[in-house]
Structures are given as structure tokens and as C-alpha cells.
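Undergrad: Build the 3D model from these lines:
(one chain, ligands or ions: 1)
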Amino acid sequence: MSVVTIARQGDIATVTVDNPPVNALGLALRQGLWDAVAELDADPAVRAVVLICAGRTFIAGADVTEFGKPPVEPHLPELVARIEAAEKPWVAAIHGSALGGGFEVALGCRFRVALPDASVGLPEVTLGIIPGAGGTVRTPRLCGVETAVDMATAGKPLRAPKALAAGLIDAVIEGDLLEGAVAFARAAIEQPLPLPVSAREIAAPDAAFWTEAEKAVAKAAKGAAAPARVLASIRKAAEVPFTEAMDFERETFMALRGTEQAAALRTVFFAERAAPRPAALRDVQPLPLKKLAVIGGGTMGAGIIAAIRDAGLPVILIERDDEAVARGLSNVAKVFDGGVKRGKLTEAQAQTLKDGVTGTTDYAALVDVDMVIEAVFEEIGVKRAVFTQLGEHCRTDAVLATNTSYLDPRTIAEGLPNPSRFIGLHFFSPANVMKLLEIVPTPETSPETLATGFALGRLLKKIPVQSGICEGFIGNRILKRYRAAAEGLVRKGVPIARIDAAMRSYGLAMGPFEAQDLGGLDIAYLQREGARAAGQDVPETLGDILVRADRKGQKTGGGWYDYVAGDRKPQVSATVTELLAAQIGPESAMSEADVATALVGEMAAEGQAILNEGIASSPTDIDLVEIHGYGFPRWRGGPMFATRARD
Ligand code: T1G
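TA: Have a look, this model is predicted:
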């Protein structure tokens, strides 16, 4: 089956690309388009060409699976130039997304038209590279430097209406795309043609613009290399002739392709897409998920309800009394009202989302639900009481899930009728935002129930990762080791602030101590106290000393740092120095780089232990947990990838 087919509608030719799954620009497609230019230029009956794609999307870019191999002719820049120089004008008809090389092909066309919900973009920096086929040189010639910089440095696509307003496309097509594009082409050839994009001028901003842009990009990139390089390539396009700028872009693209960050981001890209469909479950049929319920309307429960509503499904909220039901519904409403405030939702959309939630205290309402997710207080008695009720009121084939983060799912499920339908689904707060979902089967969980857990992950657009049963599963177990290692450095005399600064420089949003102050030191303290009460030998931590001195973090005005009322900026605390004086050695000269290497090494060591115990099935699963649950910098690939690269 050819990936490029040509048809004719009178004097308009249609070139249809059909290269599933996303019409990526592999060699066969590049060759097919290369040949189509010659064929149609040679056909006197053809006056214009519409380029359209079959399947879910316009061309989604270069074929990322080819990146590890040497590029093969026809190279994409030359293909784009060939389309641009064609005697007959080409019109790109865009649906889905025209991304990266796909958008670059569209830029080589004389015109671009798109469906209203289509988008165009240059996401290359999310793969650790920059556009390599004229994206940074042609885009600013259409929409100006500022919009091009915004698009390419963040890598976020623009929806068609905004792309039209920016001059990136020439028309938004309502109705049938092919019909609309052919009609557009017919009208366009009756007018003088616009210049090819490469022949258009760029208004070059002054030096002050670039100084500001460089600062903003460096701040947002937090150590990722590609954003600054894509900015430099757009600057070059504004300051030197087209051909020279193209050479500069290509050199930069080729240099970045082979970097550690590009390899890391490519690995993450494919791991994220493989995660929701584990090979082991390929032949297992999940149970249908039409009616869901959540027990508990606190922060976690409300977030899970919001995630289910965002996926378009109705959901029942069960709480222990009417007041708690009202509180839970209010928590859910706050999530959607926040979306309205941020301009993500209209009032009407928020109301529709809220209307899809039914709150009640009556478990009989669960008689026909397909899945229930329990998100009540993290105490075994409270959870077991809930599952006793669920066992009595739900269908025996309804999947019953616990959102526990620290309790043993096997203990929660004890005595449950049909325990094969029980599973752990560990969401991360806020559950409607955080992508990570740890899926924790018990030994009795059936393959169908496990497959249904992954099906829920797909439905909610999560990154689901299967975990075995151990304290803290994958993520919180690594977090505990990371925090203990950080405290170990403090005991060795490394200043708390230097450790936090080191991890921020490494690429995390926050260091381990400032993050504890934000979340509260007492949560982990209570877990340690619980373990001690249960007879476990849990040595005293520095955090214990602070919590016992009522230093629980920002919420008490101080934890590892002092916080002045109204100012969330951490201040080094003399009180903490005094409290911990007996535990801390003389100041160490350990560098920030060595701090980061040591702590990431500890994360990876715990990850390796998790692999050795069979709690996780692959290093990439552990990296996905750290990236999507704990803010590990994506462009580092995760602790397993980062240390693998180092070893
Ligand atoms: N190359 C190869 N495979 C790709 C691919 C790509 N560019 N994009 C997606 N896939 C696969 C993906 O692995 C999955 O495979 C399937 O397609 C469906 O993907 C020269 C150098 C287009 C918005 O970064 O953003 O062009 O798991 O689950 O949710 O300057 O895919 O089914 O086997 O994501 O409908 C720039 C990346 C490349 C776009 C569709 N382009 N892709 O989302 O499907 S660099 C990108 C996406 C470049 C030029 C530079 C999304 C999508 P499998 P999916 P989706």
C-alpha cells in the first residue's frame, strides 16, 4: 500500500498521505512526496495541489524511530524546498496536528488551511532537539519573531483560530476539509500568488528583545538545552539571509540529535506511550467502565472525581453524612471553578462537569457501578469498614479499588467477597492534574481487573505504572530513601539551603527540604510514629526533631526554614541550626554538583533494589514514576536513565 496516492479533481490534484499511525515522515513518505512534485509539475492539466492526510492527523513530524540512525535522502529540508519551488502551488489541508516536520512541510506549501480543531506546532524542544527542516527560518516569516519564539521555545501547538490570527494558516475550513481545501485552491489560483514563505521578509527585533527572551527561556528551561538553541536559530533567521540561516538551523539540529538530553527525551516519549498498554495484558479484555463511584470527597477524592468528569463519565460521590457530602461536592466545584478562573473552562462547561457528580450517603446507589475508588482517611479501620459496605452493596464483578499510598492493599481487601476484583490505584495529588497512576494488584487480583485498572489509566489520560506491594510502592519508597540521604548530607555538614539549591540546579522544581516545608513534615512523621507504635525499629530523623518542636513546615511558619508571614520565601533558620546542632558535623565543602550526583544516585540505588525485588518491571517504569509523580526533570530521562548514562 503506497503511503502517497494522487487523485485529480479537474485542475486540482489531491496528494493523500496514508502512513499510520500518525503519518510520520519516514523514508517512504519523503520519497513519495518527492516524486509527487515531479509528477504533478509535469501534468499540464493540474493547476494546484491539495496535500491532505488520512487517519487521525496531518503529518505529525519526522519519524522519531529513525532518529538513532543516520539520515537517508531525500532529506526533509530538501523535500520542503522542492514543494516550495513546485510550479503548481501546494495547499496543505490540516486536521489533527501538523507538528515538527509536518508543520515544516506545510510551511513549504504556498497555502495552509485547517479544520477549526486542528493545531500546528514545533514541539522539537520536547525531544531535546530543534526543528531541522526550516521551522525556525520560515515560521517567523509568517507570524513574526515573537510568536515564533513562543511557539518553538515552549513546543506547545497553536489551535487553528490562533494560528489564523498569527498568519500561520490562510483559512479555517468549516465542514469537509478536502472539499474546503479544493475550493480554496481553485479560488487562490485565480489571484496573483503570494511569495513562497522563504522569500518573505522578517522584521528583526532589537537587541533588547533577544536579551529579554534569552533570560525568559533560560528560566523556563531549567537546564534543558534545546530551548536556548531554538531561540538562537530564530535569531539567526532574523539576522542573516535565508540560506545561511537554514545551514545554521541544520547544524544545530544535527548537533543536538546525538545529545544525552535528546536520547533521554526520546526514551521518555516512547515509554509514556507504551505505559498505558503493557504487553502482558495485550490479550486481556478489561471490564467496561461506564459507571464509576468515589468514596470520600476530600482533596484526593475530589481530584479523582474531577479526573473522571474530565474524561466525560458520570460519577457518584459517597460520603459518611450529608455535611460531608456537601463538603465533597464543594471541593469538586472548587476544582472546576478554578478552571474557569484560569480561562480553561467556560462557566457553562464547569456547570456541566459539576452536574455529572451525584453526592449521597447511601451505598445502595452503588448497586450497578462498574468501578468504585476508595479515597478515605489513610487508616486501616476506616478503609476496611468502607470495603465491607462495598462488598455488601456492589455487584460481585464491580472493580473495587483503594487509593491507599502506604497501607498494604492485601490487608484492606481481607474478607472481601470476590477479592479478584480488588486492586490498588494510587493517584497523586492533585489527582486531576498529576499524570502518574501507580497500579497495585494483590496476588488475588485477576488479569481482567488489572487490565481494567490500565483501561481507567487510559481513560483518564494518566501514565499508569504497575507496582508490586512494598512500603510506599515505587515512588514513595524512593522518596523516603531520597529524603534520608538528604538528611545524611545535613548530618555531614552540608547546609540545607545548598542541598535544595543543588537539586533545583539539577532541574527539580524544589529541593527536598523546601518541598517538605510545602507539603508538611508531619505527614511522614506520623507514618514513622505509626511504624514505631507497631514495633518497627525506626531511627529518629532530623525531621522528627523539628516536628516535635512544632516545626511542621510553611503551615506552622517554619520547618526546615523560617517563613515570614505573607512571604513564602524560605529563610535559613537559626532555630533549626540550634535544634540540630548536636546532629550536624562541621560545615562540609561538598559542591552542589556532588550533592545532586549523590542524591540521584541514592534514588537510582533504591530503584535498582525495587527492580531486583520485582516491585517494578523496568527501569523506564521507575523513571516515569519519578518524572510524572515527583517532578524529576524530564530532559534527564529519570534517575535510572541518568545514572545508567553515568555508569
Ligand atoms: N514518530 C514516530 N512515531 C510517532 C510519532 C513520531 N513523530 N508521533 C507519534 N508516534 C507514535 C507513538 O509512538 C504511538 O505509537 C502512536 O504514534 C500514537 O501516538 C524534522 C526533527 C501526533 C499529537 O514531536 O505529539 O519532526 O504506541 O499515542 O495521542 O524538524 O503522537 O501506537 O505504537 O501520541 O493521538 C516532532 C509527537 C518530531 C509529535 C498524536 N513531532 N507526537 O497523539 O497518539 S521531530 C512530534 C505527538 C521533527 C523536524 C523534527 C502525538 C500526536 P504506538 P500517540 P495521540
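Undergrad: Could you pull up the residues touching Ala213?
TA: By C-beta atoms under 8 Å, 6 or more residues apart in numbering, the residues touching Ala213 are Val149, Thr153, Leu231. (Each C-beta comes from the backbone N, C-alpha and C, glycine too.)
Undergrad: switch to 10 Å and redo it
TA: Ala213 makes contact with Val145, Glu146, Val149, Asp150, Thr153, Pro205, Ala228, Leu231, Ile234, Arg235 under the criterion C-beta atoms under 10 Å, 6 or more residues apart in numbering.
Undergrad: what's around the residue of the stretch 251-400 of the chain found nearest the ligand, how many residues?
TA: Here the stretch 251-400 of the chain gets closest to the ligand at one residue, Arg273, 4.0 Å apart by C-beta to the nearest ligand atom. Using other C-beta atoms under 10 Å, the number of residues around Arg273 comes to 11.
Undergrad: secondary structure element for it?
TA: Assigned by DSSP states H and E, Arg273 falls within helix 260-274.
Undergrad: now Ala7
TA: Element membership of Ala7, judged by DSSP H and E, is strand 4-9.
Undergrad: which parts of stretch 187-198 are buried?
TA: Ala188, Ile189, Pro196, Val197, Ser198 (16 or more other C-beta atoms under 10 Å).
Undergrad: typed the wrong thing, it's stretch 520-540
TA: By 16+ other C-beta under 10 Å, the buried positions in stretch 520-540 come out as Gly520, Leu521, Asp522, Ala524, Tyr525, Gln527, Arg528.
Undergrad: returning to what we had before: C-alpha coordinates for the helix holding Arg273, PDB please?
TA: What follows is helix 260-274, C-alpha atoms only, in PDB (Å, rounded to 0.1, in the frame of the first residue of the first chain):
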ATOM      1  CA  GLU A 260      22.200  12.800  26.100                       C
ATOM      2  CA  GLN A 261      19.200  15.100  26.600                       C
ATOM      3  CA  ALA A 262      17.700  14.100  23.200                       C
ATOM      4  CA  ALA A 263      18.300  10.400  24.000                       C
ATOM      5  CA  ALA A 264      16.600  10.900  27.400                       C
ATOM      6  CA  LEU A 265      13.600  12.700  26.000                       C
ATOM      7  CA  ARG A 266      13.100  10.200  23.100                       C
ATOM      8  CA  THR A 267      13.200   7.400  25.700                       C
ATOM      9  CA  VAL A 268      10.600   9.100  27.800                       C
ATOM     10  CA  PHE A 269       8.500   9.900  24.700                       C
ATOM     11  CA  PHE A 270       8.100   6.200  23.800                       C
ATOM     12  CA  ALA A 271       7.900   5.000  27.400                       C
ATOM     13  CA  GLU A 272       4.900   7.300  28.000                       C
ATOM     14  CA  ARG A 273       3.200   5.800  25.000                       C
ATOM     15  CA  ALA A 274       3.900   2.300  25.900                       C
END
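Undergrad: Show me which positions of that helix end up buried.
TA: Within helix 260-274, the residues that count as buried by 16+ other C-beta under 10 Å are Glu260, Gln261, Ala262, Ala263, Ala264, Leu265, Arg266, Thr267, Val268, Phe269, Ala271, Glu272.
Undergrad: thinking again about what came up before, relative to the strand holding Ala7, what are the paired strands and their orientations?
TA: Note on strand 4-9: by DSSP bridges, its sheet partners are strand 12-17 (antiparallel).
Undergrad: pLDDT on the helix or strand just after the partner strand, on average?
TA: Using DSSP H and E, the next helix or strand after strand 12-17 towards the C-terminus is helix 27-41. Mean pLDDT, computed over helix 27-41, is 97.
Undergrad: and the helix or strand sitting right after helix 27-41 along the chain with strand 4-9, angle?
TA: Counting by DSSP H and E, the next helix or strand C-terminal to helix 27-41 is strand 48-53. Angle of strand 48-53 versus strand 4-9, following axes from the mean of the first three to the mean of the last three C-alpha atoms, to 10 degrees, is 130 degrees.
Undergrad: Relative to strand 48-53, what are the paired strands and their orientations?
TA: Strand pairing for strand 48-53, determined by DSSP bridges: strand 12-17 (parallel), strand 90-94 (parallel).
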